[in-house]
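1. Below are the sequence and a predicted model for it; my questions follow.
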Amino acid sequence: MDGSRQDESGPVDEVGLVAGTEDSTPLQFAVALDEASYLQLDDVVVTVRHVPGVGPVLTSGIVTQVTARQEGASYGSDVFLIAEGVLPARTQEIAEVTTTRVEPEIYVPPRPGEVVRRARGNERAHALYFDQMGNKVPVGRGRDGAPIFVNMEFLDGTRGAHVSISGISGVATKTSFALFLLHSVFRSGALGARAVNAKALVFSVKGEDLLFLDQPNIRLDDDLRTSYAELGLPAEPFASAGFWAPPIPEDTTARPNVTGRTSGVEAFWWTLREFCDLQLLPYVFADAEDDRQQYTIVIHQVAARLKRYAEPFGDNGAVLLEGKVLTTYEELVNFLVERLTDEDTRADWAGPVTGTGTVNAFVRRLRASLRPLSSIIRADLAGGPRRAISTQDQQLTVVDLHNLHERAQRFVVGVVLAAETARKEEAGPGGLLFTMIDELNKYAPREGSSPIKDVLLDIAERGRSLGIILIGAQQTASEVERRIVSNSAIRVVGRLDAAEAGRPEYGFLPAAQRVRATIAKPGAMFVSQPQIPVPLAIEFPFPAWATRLSECAGPIQPPPGASGASQAPPDLMSRLPPEDDIPPF
């Protein structure tokens, strides 16, 4: 066969014929390869069958398996005789193809002997439904080196929303892919005019690597720029970014607890007044098993009483409660323990019919929260206008949690997400907020319930109507709440543990891809989206932004308006409200 012939769409690459030794169905067929041709996994092929009364029917598909055998060999040792020319035989390769599209939709099987060719250009775009994607977002390259896209309508809530990314920690590059996806969404043009109001909120739990996303990577060279350009993207860092980190424990200067980046990072915390007024106490008890215990009644009783009776005191967020001035979380905890263990006041704070055992269970867990939360719930610091975590004045917001205890991490994630959800509900339909959470199984585990899990479930089930898109990353999707995973329109899989790959949560992967996922190299992912029946294997380019201090191409320039900046641009400063009017989040 001549693989160099030309037609209107470009070179025709005929690779073989529909095999006659395997059953051919409308959904799957086999290709006997020409000796001079080859097919690899993930190649896209097309074949045409002429149907009487209908005309040509084009069947497109993706190669999901390739086998080779020597026809004529009966025993294992025959391969040596065949190699010496003693036995006549022929080596034959057979490619298994899973159908992706039939046009027109006449579902008839490709007939044995029909020519099969490698799909290129328009035929490839047709086979993978790229021609039907009005807004498409590049997510990497396929095995053939050409761009792979996902449909923006399954990201922005038009027809679906949310992304689930799974893979082994440190190998699957889940965070790197999530950031590349955000970069692609913001810079590919798929958002159109909505890009102005589109935001991203990123929770970082793995070191300070995400505190340099606004800095160019020192490894950025011409080859990397070309890789981005071929995907229609600029090889640039995130230009509009804000960074928050918790303050240094037991330090009253309000310095963020970071070491690698000394400027451009703001400290965040909640005052005791905010803690009481906003009824944040339930987020202190964010363990998955808490909601199954009776002491949750005490939580809501105490939270309601704090909101009702705590009075503001001073300028730093202290409260006056029953004649006592409270300025630290430790003082608040001690106050509550005193009231709940005193028989004369227990009924007022815990409820008249609450038993001693239930109150003691609450007190034990409240005391356990003292050390994790003391650095972020306090009224001994002077807060500026950027103390409160906000997504309003920059496109990308990074909240660094790695220096916090796991309990405090859950508190921050739960409170911030609840505040953003409430803000979006109040504002009504508008800009999109992409929320990236690593280690999602820690916040929304499969078993039990908690306030944070309730917030995440709310986002998963109705977030698309609010414009909140969840990008969740986890090592094991089998340990994440089923309703969150099932509501994710886009599912991405990197390197998997062999046992995890066999879980039903990965049933969307063909058998061959499940095996390949156990040996996938960093940067290789399988992307599943509703429009394409077969997940696509992709590789995405190296980050154009720094992922650690050593990768920064030059001196770190703080974002406008952040600590260390000489002066914020006038338009940004004009949008900052007076300090007294700053919302708590």
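-> Received the coordinates, thanks. Being a predicted model, the structure only gives us computed values, none of them experimental. Residues are numbered from 1 along each chain as shown.

2. only C-alpha atoms for contact and neighbour calcs from this point on.
-> Fine.

3. and stretch 403-413, which residues are buried?
-> Buried residues in stretch 403-413, counted by 16 or more other Cα atoms under 10 Å: 403, 404, 407, 408, 409, 410, 411, 412, 413.

4. sec struct for the fourth one, please.
-> If I follow you right, that is residue 408. Three-state secondary structure (criterion: DSSP: H, G, I helix; E, B strand; the rest coil) places residue 408 in helix.

5. thought it was touching residue 372?
-> Yes - between residue 408 and residue 372 a contact is recorded at 5.5 Å, counting by Cα atoms under 8 Å.

6. circling back: output the buried residues of stretch 403-413 as TSV; include the columns distance to residue 422.
-> What follows is those, written out as TSV (distance: Cα to Cα, whole Å):
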residue	distance to residue 422
403	27
404	25
407	23
408	21
409	20
410	18
411	16
412	15
413	14
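
7. Apart from its chain neighbours, what residue comes closest to residue 467?
-> By the measure of Cα to Cα, 6 or more residues apart in numbering, the closest residue to residue 467 outside its immediate chain neighbours is residue 432, 4.6 Å from it.

8. show me what contacts the one you found?
-> 156, 194, 197, 198, 199, 467, 468, 469 (Cα atoms under 8 Å, 6 or more residues apart in numbering).

9. Next: residue 47.
-> Contact analysis of residue 47 by Cα under 8 Å, 6+ apart lists 58, 59, 60, 110, 114, 115, 116, 117.

10. and which of those residues is nearest residue 490?
-> Relative to residue 490, the closest of the contacts of residue 47 is residue 60; by Cα to Cα it sits at 22.0 Å.

11. Bridge partners for the closest one, pull those for me.
-> For residue 60, the beta-bridge partners under DSSP bridges are residue 46, residue 101.

12. burial measure for it, as a count.
-> 27 (other Cα atoms under 10 Å).

13. ranges for the helices of the stretch 151-300 of the chain?
-> With helices called from DSSP state H, counting those that start in this stretch, the stretch 151-300 of the chain shows them at 174-187, 222-230, 272-277, 296-309.

14. Out of those helices, flag the one nearest residue 386.
-> For residue 386, the closest of these is helix 272-277, at 15.4 Å, according to Cα to Cα.

15. contacting residues around the closest one?
-> Contacts of helix 272-277 from elsewhere in the structure, counted by Cα under 8 Å, 6+ apart, are 280-281, 303, 306-308, 310-312, 317-319, 326-329, 377-379, 584.

16. Among those residues, name the ones in helices.
-> Among the contacts of helix 272-277, the members found in helices (DSSP state H) are 303, 306, 307, 308, 329.

17. Let me see the contact set for the second one.
-> For residue 306, the residues meeting the contact criterion (Cα under 8 Å, 6+ apart) are 276, 277, 279.

18. For residue 55, see how far away the second one is.
-> Noted for residue 277: a distance of 71 Å to residue 55, by Cα to Cα, to the nearest Å.

19. Tell me which of these two has more neighbours.
-> For the pair residue 277 and residue 55, the greater number of neighbours falls to residue 277 (19 against 11), based on other Cα under 10 Å.

20. ranges for the strands of the stretch 151-300 of the chain?
-> For the stretch 151-300 of the chain, applying DSSP state E, counting those that start in this stretch gives strands covering 163-166, 199-204, 241-245, 265-267.

21. Good, wrapping up.
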